[in-house]
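>>> My questions are about this predicted structure, shown below with the sequence.
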There are 2 protein chains.
Amino acid sequence: MLQLSKKVEYGLIALRHMAMKPNGNVVTTKELANEYDLPYELLAKIMQKLVKGGVVRSLQGVKGGYTLAQKPSELKVASIIRIIEDSKPMVAECYTDGPDGCYLFYNCTIRRPLGKLQRNLNVLFDRMTVQEII
Amino acid sequence: MLQLSKKVEYGLIALRHMAMKPNGNVVTTKELANEYDLPYELLAKIMQKLVKGGVVRSLQGVKGGYTLAQKPSELKVASIIRIIEDSKPMVAECYTDGPDGCYLFYNCTIRRPLGKLQRNLNVLFDRMTVQEII
DNA sequence: ATAATGTCCGACCCCACAAGTCCTATATTC
DNA sequence: GAATATAGGACTTGTGGGGTCGGACATTAT
(Lines give C-alpha, C1' and ligand atoms only; values in the text may rest on other atoms or scores of the structure.)
Protein backbone atom coordinates (compact mmCIF):
# COMPACT_ATOMS: atom_id res chain seq x y z
CA MET A 1 0.00 0.00 0.00
CA LEU A 2 1.51 3.17 -1.23
CA GLN A 3 4.89 1.49 -1.21
CA LEU A 4 7.88 2.02 -3.38
CA SER A 5 8.53 -0.97 -5.63
CA LYS A 6 11.44 -3.33 -5.11
CA LYS A 7 12.83 -2.09 -8.39
CA VAL A 8 13.08 1.42 -7.08
CA GLU A 9 14.60 0.19 -3.84
CA TYR A 10 17.22 -1.82 -5.71
CA GLY A 11 17.91 1.13 -7.96
CA LEU A 12 18.46 3.44 -5.02
CA ILE A 13 20.72 0.92 -3.31
CA ALA A 14 22.78 0.64 -6.48
CA LEU A 15 23.01 4.39 -6.97
CA ARG A 16 23.99 4.90 -3.37
CA HIS A 17 26.70 2.31 -3.76
CA MET A 18 28.06 4.04 -6.83
CA ALA A 19 27.86 7.42 -5.17
CA MET A 20 30.18 6.25 -2.45
CA LYS A 21 32.82 4.94 -4.83
CA PRO A 22 35.67 7.24 -5.91
CA ASN A 23 34.71 9.15 -9.01
CA GLY A 24 35.03 7.25 -12.26
CA ASN A 25 35.19 3.91 -10.52
CA VAL A 26 33.14 1.36 -12.44
CA VAL A 27 30.72 -0.94 -10.68
CA THR A 28 29.40 -4.16 -12.16
CA THR A 29 25.95 -5.64 -11.78
CA LYS A 30 27.58 -8.76 -10.40
CA GLU A 31 29.34 -6.81 -7.71
CA LEU A 32 26.12 -5.10 -6.69
CA ALA A 33 24.08 -8.29 -6.73
CA ASN A 34 26.65 -10.07 -4.55
CA GLU A 35 27.18 -7.21 -2.15
CA TYR A 36 23.50 -6.70 -1.40
CA ASP A 37 22.16 -10.12 -2.29
CA LEU A 38 19.87 -8.82 -5.01
CA PRO A 39 18.52 -10.85 -7.96
CA TYR A 40 21.11 -10.40 -10.69
CA GLU A 41 18.94 -10.34 -13.81
CA LEU A 42 16.40 -8.00 -12.31
CA LEU A 43 19.09 -5.64 -11.17
CA ALA A 44 20.62 -5.77 -14.64
CA LYS A 45 17.32 -4.59 -16.11
CA ILE A 46 17.16 -1.76 -13.67
CA MET A 47 20.68 -0.66 -14.48
CA GLN A 48 19.79 -0.61 -18.16
CA LYS A 49 16.87 1.64 -17.41
CA LEU A 50 19.08 3.97 -15.45
CA VAL A 51 21.38 4.14 -18.45
CA LYS A 52 18.53 5.04 -20.76
CA GLY A 53 17.41 7.59 -18.24
CA GLY A 54 20.80 9.23 -18.41
CA VAL A 55 21.48 8.68 -14.75
CA VAL A 56 24.41 6.32 -15.19
CA ARG A 57 26.87 5.60 -17.98
CA SER A 58 27.69 2.08 -19.09
CA LEU A 59 30.94 0.56 -20.30
CA GLN A 60 30.59 -2.70 -22.17
CA GLY A 61 32.94 -5.65 -22.32
CA VAL A 62 35.43 -7.02 -19.85
CA LYS A 63 36.34 -4.38 -17.29
CA GLY A 64 33.01 -2.83 -18.11
CA GLY A 65 30.30 -1.72 -15.74
CA TYR A 66 28.55 1.44 -14.67
CA THR A 67 29.47 4.87 -13.42
CA LEU A 68 27.32 7.74 -12.31
CA ALA A 69 26.52 10.21 -15.05
CA GLN A 70 25.52 12.95 -12.65
CA LYS A 71 26.48 14.19 -9.23
CA PRO A 72 24.63 12.50 -6.37
CA SER A 73 23.31 15.90 -5.36
CA GLU A 74 21.65 16.22 -8.75
CA LEU A 75 20.00 12.82 -8.72
CA LYS A 76 16.48 13.43 -7.52
CA VAL A 77 14.56 10.50 -6.15
CA ALA A 78 11.57 11.67 -8.16
CA SER A 79 13.58 11.23 -11.36
CA ILE A 80 14.81 7.80 -10.36
CA ILE A 81 11.25 6.66 -9.80
CA ARG A 82 10.10 8.11 -13.10
CA ILE A 83 12.92 6.39 -14.95
CA ILE A 84 12.49 3.00 -13.34
CA GLU A 85 8.71 2.93 -13.29
CA ASP A 86 8.09 4.87 -16.48
CA SER A 87 5.82 7.14 -14.47
CA LYS A 88 5.86 9.66 -11.68
CA PRO A 89 4.83 8.65 -8.18
CA MET A 90 1.08 9.27 -8.24
CA VAL A 91 -1.54 9.03 -5.52
CA ALA A 92 -4.20 8.18 -8.10
CA GLU A 93 -4.07 7.01 -11.68
CA CYS A 94 -6.32 9.79 -12.88
CA TYR A 95 -3.40 12.19 -12.65
CA THR A 96 -1.48 10.26 -15.26
CA ASP A 97 -4.16 8.92 -17.52
CA GLY A 98 -6.66 11.75 -17.51
CA PRO A 99 -10.36 11.21 -18.29
CA ASP A 100 -9.78 7.92 -20.07
CA GLY A 101 -8.06 6.31 -17.11
CA CYS A 102 -10.92 6.60 -14.65
CA TYR A 103 -14.61 6.17 -15.33
CA LEU A 104 -15.37 8.42 -12.37
CA PHE A 105 -13.25 11.28 -13.61
CA TYR A 106 -15.86 13.93 -14.22
CA ASN A 107 -18.03 13.20 -11.22
CA CYS A 108 -15.19 12.20 -8.92
CA THR A 109 -15.50 14.29 -5.83
CA ILE A 110 -12.07 13.71 -4.40
CA ARG A 111 -9.89 14.44 -7.38
CA ARG A 112 -9.25 18.05 -6.57
CA PRO A 113 -8.42 17.52 -2.93
CA LEU A 114 -6.15 14.61 -3.79
CA GLY A 115 -4.43 16.94 -6.18
CA LYS A 116 -3.21 18.92 -3.20
CA LEU A 117 -1.80 15.77 -1.71
CA GLN A 118 -0.21 14.96 -5.02
CA ARG A 119 1.55 18.29 -5.23
CA ASN A 120 2.93 17.90 -1.74
CA LEU A 121 4.15 14.45 -2.66
CA ASN A 122 5.87 15.85 -5.71
CA VAL A 123 7.72 18.35 -3.59
CA LEU A 124 8.81 15.59 -1.24
CA PHE A 125 10.26 13.38 -3.95
CA ASP A 126 11.74 16.27 -5.83
CA ARG A 127 13.63 17.52 -2.83
CA MET A 128 15.29 14.26 -1.91
CA THR A 129 18.47 13.36 -3.77
CA VAL A 130 20.88 10.43 -3.80
CA GLN A 131 23.32 12.70 -1.98
CA GLU A 132 21.11 12.47 1.07
CA ILE A 133 21.10 8.71 1.24
CA ILE A 134 24.87 8.30 1.38
CA MET B 1 3.03 2.88 -8.29
CA LEU B 2 2.71 4.46 -4.87
CA GLN B 3 -0.98 4.89 -5.46
CA LEU B 4 -3.80 4.99 -2.99
CA SER B 5 -5.98 1.91 -3.31
CA LYS B 6 -9.47 2.05 -4.76
CA LYS B 7 -10.77 1.08 -1.35
CA VAL B 8 -9.34 4.21 0.19
CA GLU B 9 -10.66 6.30 -2.67
CA TYR B 10 -14.14 4.87 -2.26
CA GLY B 11 -13.93 5.37 1.48
CA LEU B 12 -13.01 9.00 1.08
CA ILE B 13 -15.77 9.56 -1.43
CA ALA B 14 -18.26 8.02 0.99
CA LEU B 15 -17.03 10.03 3.95
CA ARG B 16 -17.12 13.21 1.95
CA HIS B 17 -20.67 12.47 0.92
CA MET B 18 -21.69 11.95 4.52
CA ALA B 19 -19.85 15.04 5.64
CA MET B 20 -21.98 17.13 3.34
CA LYS B 21 -25.28 15.77 4.60
CA PRO B 22 -27.11 17.55 7.43
CA ASN B 23 -25.94 16.18 10.76
CA GLY B 24 -27.54 12.90 11.80
CA ASN B 25 -28.77 12.15 8.32
CA VAL B 26 -28.27 8.46 7.58
CA VAL B 27 -26.76 7.32 4.32
CA THR B 28 -27.10 3.81 2.92
CA THR B 29 -24.53 1.81 1.00
CA LYS B 30 -27.03 1.52 -1.82
CA GLU B 31 -27.41 5.27 -2.03
CA LEU B 32 -23.64 5.73 -2.18
CA ALA B 33 -23.10 2.97 -4.71
CA ASN B 34 -25.77 4.42 -6.99
CA GLU B 35 -24.71 8.01 -6.62
CA TYR B 36 -21.08 7.40 -7.48
CA ASP B 37 -21.41 4.18 -9.44
CA LEU B 38 -19.24 2.18 -7.08
CA PRO B 39 -19.33 -1.63 -6.61
CA TYR B 40 -21.91 -2.23 -3.92
CA GLU B 41 -20.42 -5.22 -2.08
CA LEU B 42 -16.96 -3.76 -1.98
CA LEU B 43 -18.25 -0.46 -0.67
CA ALA B 44 -20.25 -2.35 1.96
CA LYS B 45 -17.04 -3.96 3.20
CA ILE B 46 -15.36 -0.60 3.40
CA MET B 47 -18.22 0.90 5.36
CA GLN B 48 -18.00 -1.96 7.84
CA LYS B 49 -14.34 -1.27 8.32
CA LEU B 50 -15.05 2.37 8.93
CA VAL B 51 -17.55 1.33 11.58
CA LYS B 52 -14.99 -0.87 13.30
CA GLY B 53 -12.53 1.95 13.06
CA GLY B 54 -14.94 4.19 14.91
CA VAL B 55 -15.18 6.66 12.09
CA VAL B 56 -18.84 6.09 11.31
CA ARG B 57 -21.81 4.72 13.24
CA SER B 58 -24.16 2.15 11.78
CA LEU B 59 -27.88 1.70 12.19
CA GLN B 60 -29.23 -1.70 11.24
CA GLY B 61 -32.56 -2.66 9.79
CA VAL B 62 -34.94 -0.84 7.51
CA LYS B 63 -34.28 2.90 7.66
CA GLY B 64 -30.78 1.94 8.70
CA GLY B 65 -27.52 3.20 7.28
CA TYR B 66 -24.49 5.14 8.37
CA THR B 67 -23.71 8.45 10.01
CA LEU B 68 -20.40 10.11 10.80
CA ALA B 69 -19.13 9.39 14.29
CA GLN B 70 -16.70 12.29 14.25
CA LYS B 71 -16.49 15.80 12.88
CA PRO B 72 -15.06 16.00 9.36
CA SER B 73 -12.31 18.21 10.74
CA GLU B 74 -11.24 15.39 13.04
CA LEU B 75 -11.15 12.71 10.37
CA LYS B 76 -7.53 12.50 9.29
CA VAL B 77 -6.78 10.88 5.96
CA ALA B 78 -3.97 8.99 7.65
CA SER B 79 -6.49 7.35 9.98
CA ILE B 80 -8.81 6.47 7.14
CA ILE B 81 -6.00 4.72 5.32
CA ARG B 82 -4.92 2.88 8.43
CA ILE B 83 -8.46 1.70 9.07
CA ILE B 84 -9.21 0.59 5.54
CA GLU B 85 -5.83 -0.96 4.78
CA ASP B 86 -5.04 -2.24 8.26
CA SER B 87 -1.73 -0.42 8.01
CA LYS B 88 -0.26 3.01 7.75
CA PRO B 89 0.82 4.37 4.40
CA MET B 90 4.39 3.11 4.17
CA VAL B 91 7.09 3.70 1.58
CA ALA B 92 8.62 0.30 2.36
CA GLU B 93 7.36 -2.78 4.12
CA CYS B 94 10.30 -2.85 6.49
CA TYR B 95 8.72 -0.06 8.47
CA THR B 96 5.72 -2.18 9.31
CA ASP B 97 7.15 -5.68 9.51
CA GLY B 98 10.54 -5.00 11.03
CA PRO B 99 13.46 -7.43 10.59
CA ASP B 100 11.26 -10.37 9.69
CA GLY B 101 9.63 -8.58 6.78
CA CYS B 102 12.74 -7.92 4.73
CA TYR B 103 15.75 -10.15 4.33
CA LEU B 104 17.88 -7.12 3.65
CA PHE B 105 16.94 -5.38 6.87
CA TYR B 106 20.23 -5.25 8.67
CA ASN B 107 22.43 -4.53 5.70
CA CYS B 108 19.91 -2.40 3.87
CA THR B 109 21.60 0.86 3.08
CA ILE B 110 18.55 2.90 2.24
CA ARG B 111 16.35 2.20 5.20
CA ARG B 112 17.43 5.17 7.24
CA PRO B 113 17.15 7.72 4.43
CA LEU B 114 13.77 6.33 3.41
CA GLY B 115 12.76 6.83 7.00
CA LYS B 116 13.04 10.55 6.45
CA LEU B 117 10.75 10.30 3.48
CA GLN B 118 8.40 8.21 5.55
CA ARG B 119 8.17 10.80 8.28
CA ASN B 120 7.42 13.52 5.79
CA LEU B 121 4.73 11.35 4.28
CA ASN B 122 3.22 10.80 7.70
CA VAL B 123 3.00 14.52 8.27
CA LEU B 124 1.30 14.93 4.91
CA PHE B 125 -1.40 12.36 5.59
CA ASP B 126 -1.84 13.42 9.16
CA ARG B 127 -2.50 17.01 8.23
CA MET B 128 -5.20 16.33 5.67
CA THR B 129 -8.73 15.82 6.97
CA VAL B 130 -12.09 15.01 5.43
CA GLN B 131 -13.05 18.61 6.17
CA GLU B 132 -10.66 19.70 3.43
CA ILE B 133 -12.20 17.54 0.75
CA ILE B 134 -15.72 18.90 1.08
C1' DA C 1 -45.86 -12.65 12.16
C1' DT C 2 -43.89 -11.82 8.07
C1' DA C 3 -42.15 -9.20 4.30
C1' DA C 4 -39.03 -5.69 3.12
C1' DT C 5 -34.78 -3.53 3.61
C1' DG C 6 -30.85 -2.55 5.76
C1' DT C 7 -26.08 -4.01 7.95
C1' DC C 8 -22.63 -7.88 8.96
C1' DC C 9 -19.30 -11.14 7.51
C1' DG C 10 -16.94 -15.19 5.75
C1' DA C 11 -15.57 -17.43 1.52
C1' DC C 12 -14.48 -17.20 -2.94
C1' DC C 13 -12.83 -15.81 -7.84
C1' DC C 14 -10.11 -13.21 -11.22
C1' DC C 15 -6.51 -11.08 -13.20
C1' DA C 16 -3.22 -7.44 -13.77
C1' DC C 17 1.15 -6.58 -12.44
C1' DA C 18 5.36 -6.87 -9.66
C1' DA C 19 9.06 -9.80 -9.24
C1' DG C 20 12.03 -12.89 -10.87
C1' DT C 21 14.12 -16.17 -14.57
C1' DC C 22 16.05 -17.71 -18.99
C1' DC C 23 18.37 -17.27 -23.14
C1' DT C 24 20.78 -15.10 -26.78
C1' DA C 25 23.25 -11.21 -28.95
C1' DT C 26 26.77 -7.83 -28.76
C1' DA C 27 30.80 -5.27 -27.06
C1' DT C 28 35.42 -5.17 -25.01
C1' DT C 29 39.65 -6.83 -23.06
C1' DC C 30 43.61 -9.79 -22.79
C1' DG D 1 39.16 -16.46 -29.65
C1' DA D 2 38.17 -17.09 -24.77
C1' DA D 3 36.43 -14.65 -20.96
C1' DT D 4 33.47 -11.31 -19.11
C1' DA D 5 30.72 -7.46 -19.25
C1' DT D 6 26.18 -5.03 -20.87
C1' DA D 7 21.64 -5.22 -23.89
C1' DG D 8 17.37 -6.88 -24.27
C1' DG D 9 13.42 -9.87 -25.65
C1' DA D 10 10.48 -13.63 -23.91
C1' DC D 11 8.82 -16.06 -20.43
C1' DT D 12 7.11 -17.80 -15.71
C1' DT D 13 5.37 -17.20 -11.17
C1' DG D 14 3.24 -15.33 -6.98
C1' DT D 15 0.63 -12.06 -4.74
C1' DG D 16 -2.71 -8.75 -3.62
C1' DG D 17 -6.20 -5.52 -5.13
C1' DG D 18 -10.55 -5.50 -6.74
C1' DG D 19 -14.73 -7.58 -7.13
C1' DT D 20 -18.54 -11.18 -6.26
C1' DC D 21 -21.70 -14.47 -3.84
C1' DG D 22 -24.46 -16.27 -0.22
C1' DG D 23 -26.28 -16.37 4.04
C1' DA D 24 -27.06 -14.49 8.99
C1' DC D 25 -28.86 -10.94 11.76
C1' DA D 26 -31.38 -6.47 12.95
C1' DT D 27 -35.15 -3.29 12.43
C1' DT D 28 -39.27 -1.36 10.69
C1' DA D 29 -43.80 -1.30 8.43
C1' DT D 30 -47.91 -3.54 7.31
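Thanks, I have it.
>>> low pLDDT regions in chain A?
A:96-101 (pLDDT under 70).
>>> Which parts of it are strands?
Secondary structure of chain A by DSSP state E: the strands cover A:56-59, A:65-68.
>>> how close does whichever residue of chain A sits closest to DNA strand C sit to residue A:28?
DNA strand C sits closest to residue A:61 of chain A, with a gap of 2.0 Å, by Cβ to the nearest atom of the strand. Every residue, glycine included, has its C-beta placed from N, CA and C. Distance of residue A:61 to residue A:28, computed by Cβ to Cβ, to the nearest Å: 11 Å.
>>> Looking at these two now, which is surrounded by more residues?
Higher neighbour count among residue A:61 and residue A:28: residue A:28, with 15 against 6, using other Cβ atoms under 10 Å in any protein chain shown.
>>> Contacts only, for the more buried one.
Neighbour list for residue A:28: A:64, A:65, A:66 [criterion: Cβ atoms under 8 Å, 6 or more residues apart in numbering or on different chains].
>>> got these as a markdown table, with neighbour count and distance to residue B:38 columns?
Formatted as a markdown table, these follow (neighbours: other Cβ atoms under 10 Å in any protein chain shown; distance: Cβ to Cβ, whole Å):
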| residue | neighbour count | distance to residue B:38 |
| --- | --- | --- |
| A:64 | 11 | 53 |
| A:65 | 20 | 51 |
| A:66 | 24 | 47 |
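>>> Distance to residue A:51 for the residues you listed - can I get that in TSV?
As requested, the contacts of residue A:28 are exported to TSV (distance: Cβ to Cβ, whole Å):
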residue	distance to residue A:51
A:64	12
A:65	11
A:66	7
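>>> when you check DNA strand C, which of the residues you listed turn up near it?
Filtering these for neighbours of DNA strand C using Cβ under 7 Å from any atom of the strand leaves residue A:64.
>>> List the buried residues for the lengthiest helix in chain A?
When chain A is parsed with DSSP state H, its longest helix is helix A:111-127. Going by neighbour count (16 or more other Cβ atoms under 10 Å in any protein chain shown), the buried part of helix A:111-127 is A:111, A:113, A:114, A:117, A:118, A:120, A:121, A:124, A:125.
>>> Count the neighbours of the nearest residue to residue A:126 once chain neighbours are set aside for me.
Using Cβ to Cβ, 6 or more residues apart in numbering or on different chains and skipping the chain neighbours, the partner closest in space to residue A:126 is residue A:78 (4.7 Å). Using other Cβ under 10 Å, residue A:78 is surrounded by 19 other residues.
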